[in-house]
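>>> Return a 3D structure for these sequence lines:
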Amino acid sequence: MKIHFIAIGGSAMHNLAIALKLKNYEISGSDDEIFDPAKSRLKKYGILPEKIGWYPKKITQDIDAIVLGMHAREDNPELVKAREMGIRIYSFPEFLYEQSKDKKRVVIGGSHGKTTITSMILHVLNKLKKDFDFMVGAQLDGFEVMVKLSETAPIIILEGDEYLTSPLDRRPKFWVYKPDIGVISGIAWDHFNVFQTFEIYKNQFLEFANLIPESGRLIYCHEDANVVEVAKKFTCKNKTSYGIPKFEINNGKSQILHSGERFPISVFGKHNLMNIEAARCVCNELGISDIEFYNAISSFEGASKRLEKLVHNDDFVAYKDFAHSPSKVEATIKAVKEQYPQNKVVAVLELHTYSSLNINFLDQYQSTMDLADLPIVYFDNYALEIKKLPPLNIEMIKEKFNNEKIIVVNDKDSLKEVLLEQTYKNSSLIFMSSGNFGGLDLEGFVNEVVKEKS
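Residues are numbered from 1 along each chain as shown. A predicted model of the protein is given here:
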């Protein structure tokens, strides 16, 4: 088949393009911007567009299907031409479903934890040499790509995002996958630009759960009241709940206690312990025993940018984390505080998403950084301009967080200045964002500057 990707440079899109190339599909694509690592990886597989931009002449009658990325607009000239020519157009999730509709589909949903849970399942299946396909939203050790599609695998593990499917399809992505086994890890209001009320947002998860057939299973977190509310309304009788397992922390290392044995783990925090239990419940459904699971998960060191360690010495540790929504911010700070109780916690949050930069949503962040000894919030006026949002000022943000200790800065140089003023002996430093702090090289900054002062 010949497949053309409109917006091939996206994180998920370029991985799907590579996965199809590896299946011997003929691949072409376009985008108005492509950055690394997508650029280098597309080039490696010989599918990097020769020129940046949209070129309707690329849309020819011999194309079997178009895969449309979320980044493309409805008036995209290549999309317009493809529609005029009657070429079949798929969203990213629609195409994944078409490739996996004869497999058992495990879909991991939730406002937080879905990437980590998916990654944990993949790690265990890989460790136990199972045959499986997958799609996950982070680069993982031991996996060349973030999407794998084959003819032989009987199951596929899919990270299920509740955000919109495509510019042409306003359904949440995780509905499109039609789960046989569905996970809901947590429900905390996100994507304010699409789901204007929390009730509307919650309903997306109820609809997701009710897509699971009678022969399937819902796996849900009973520690989250909103998830429990959805699970009670779930029409299928097959459901399994999970929570925090028995555990201990000894000398900074967490251990899970199960059937009289201790299983050391490399990740930490109660949210990650719950993520492990969600992954265990899924693996049980796939025929893997608890003991097999716990032995395999011991070597899991985390997904990219999810509490990813930047540096660690005797009295200082620094992490970067994808945390950006209120619930994620609070959980990340709490995890680090519990893991290193003797350390001062310096927590740096970048407001980068549409929701976090919206004055009407910022109330949700109240008290989320209270456990940090020094909470710092960074935002970039350029991000507001790109998202066409009204300006914010430092005092507005301070008021919304309602924390007397908080420092708010709105440019990269001011952020560096504040960080350089601190001492870092017996400290934990956390950078939290789905962005990049204005291009700040976090690892370089921590290694060259902060480490010297610790």
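>>> from here on, contacts and neighbour counts on C-alpha atoms
Noted.
>>> So which residue is dead centre in the chain?
Thr115 (4.6 Å; C-alpha atoms, centre = their mean).
>>> all strands for the stretch 51-200 of the chain, in order.
With strands called from DSSP state E, counting those that start in this stretch, the stretch 51-200 of the chain shows them at 65-68, 88-91, 104-109, 133-135, 147-148, 155-159, 164-166, 169-172, 181-184.
>>> What lies in contact with the fourth one?
By that I understand strand 133-135. Contacts to strand 133-135, defined as C-alpha atoms under 8 Å, 6 or more residues apart in numbering, come from residues Leu122, Met146, Val147, Lys148, Leu149, Ser150, Ala153, Ile155, Ile156, Ile157, Leu158, Glu159.
>>> Contact partners for the residue nearest to the centre of the chain?
Val136, Gly137, Ala138, Glu159, Ala303.
>>> Tell me which strands the top strand by length along the chain pairs with, and in which orientation.
Assignment by DSSP state E gives strand 344-351 as the longest strand of the chain. Strand 344-351 has the following sheet partners, assigned by DSSP bridges: strand 374-379 (parallel), strand 427-432 (parallel).
>>> can I get those in a markdown table with mean neighbour count and mean pLDDT?
What follows is the strands paired with strand 344-351, written out as a markdown table (neighbours: other C-alpha atoms under 10 Å; pLDDT from 0 to 100):
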| stretch | mean neighbour count | mean pLDDT |
| --- | --- | --- |
| strand 374-379 | 22 | 96 |
| strand 427-432 | 25 | 94 |
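>>> So for Val183, which of those sits nearest?
strand 427-432 (24.8 Å; C-alpha to C-alpha).
>>> What are the contacting residues of the next helix or strand after that closest one?
Sequence-wise, the next helix or strand downstream of strand 427-432 (DSSP states H and E) is helix 442-445. If you take C-alpha under 8 Å, 6+ apart as the criterion, helix 442-445 is touched by Leu310, Val311.
>>> mean confidence score for helix 442-445?
The average pLDDT within helix 442-445 is 86.
>>> quick one, longest helix in the protein?
helix 270-285 (DSSP state H).
>>> how many degrees apart are the next helix or strand after that one and helix 270-285 in direction?
Stepping forward along the backbone from helix 270-285, the first helix or strand reached (DSSP H and E) is helix 290-297. Helix 290-297 runs at 130 degrees relative to helix 270-285, counting by axes from the mean of the first three to the mean of the last three C-alpha atoms, to 10 degrees.
>>> Excluding its own residues, what touches helix 290-297? List them.
Met120, His123, Val124, Lys127, Leu128, Phe263, Ile265, Ile276, Arg280, Cys283, Asn284.
>>> Max pairwise distance over those residues: which two?
Ile265 and Asn284 (18.8 Å).
>>> of those two, who's got more company?
Set side by side, Ile265 and Asn284 show more neighbours around Ile265, with 20 against 14, by other C-alpha atoms under 10 Å.
>>> Give me the nearest residue to Tyr319, chain neighbours excluded.
Lys309 (4.5 Å; C-alpha to C-alpha, 6 or more residues apart in numbering).
>>> Summarise which helices and strands the helix or strand the one you found falls within is packed against.
Following DSSP H and E, one finds Lys309 within strand 308-313. Under the contact criterion of 3 or more C-alpha pairs under 8 Å, 6 or more residues apart in numbering; DSSP states H and E, strand 308-313 touches strand 316-321.
>>> ok, back up a step: ranking the contacts of Thr115 by neighbours, who comes first?
Going by other C-alpha under 10 Å, Glu159 tops the contacts of Thr115 with 27 neighbours.
>>> my guess is that one meets Val107, correct?
Yes. In this structure, Glu159 is within contact of Val107 by C-alpha atoms under 8 Å, at 5.8 Å.
>>> Next one: the residue nearest to the centre of the chain from Thr423, what distance?
Here the criterion is C-alpha to C-alpha, to the nearest Å. By it, Thr115 lies 33 Å from Thr423.
>>> Count residues in the vicinity of the closest residue to Asp315 other than its chain neighbours, would you?
Among residues not flanking Asp315 along the chain, Asn426 sits closest, at 4.5 Å (C-alpha to C-alpha, 6+ apart). Look at Asn426: counted by other C-alpha under 10 Å, it has 17 neighbours.
>>> now swap in Lys270 and tell me
Neighbour tally, Lys270, other C-alpha under 10 Å: 19.
>>> Enumerate every residue touching it.
Ile244, Ala335.
>>> From Val228, how far out is it?
Per C-alpha to C-alpha, Lys270 is found 18 Å from Val228.
>>> now swap in Ser40 and tell me
Distance from Ser40 to Val228, by C-alpha to C-alpha: 44 Å.
>>> Those two: which is more packed in?
Neighbours were counted for Ser40 and for Val228 using other C-alpha under 10 Å; Val228 has more, 18 against 13.
>>> Most widely separated two among the contacts of Thr115?
Farthest-apart pair in the contacts of Thr115 is Glu159 and Ala303; separation 12.8 Å (C-alpha to C-alpha).
>>> Tabulate the strands paired with strand 344-351 (JSON lines), appending distance to Lys2.
Formatted as JSON lines, the strands paired with strand 344-351 follow (distance: least, C-alpha to C-alpha, whole Å):
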{"stretch": "strand 374-379", "distance to Lys2": "43"}
{"stretch": "strand 427-432", "distance to Lys2": "40"}
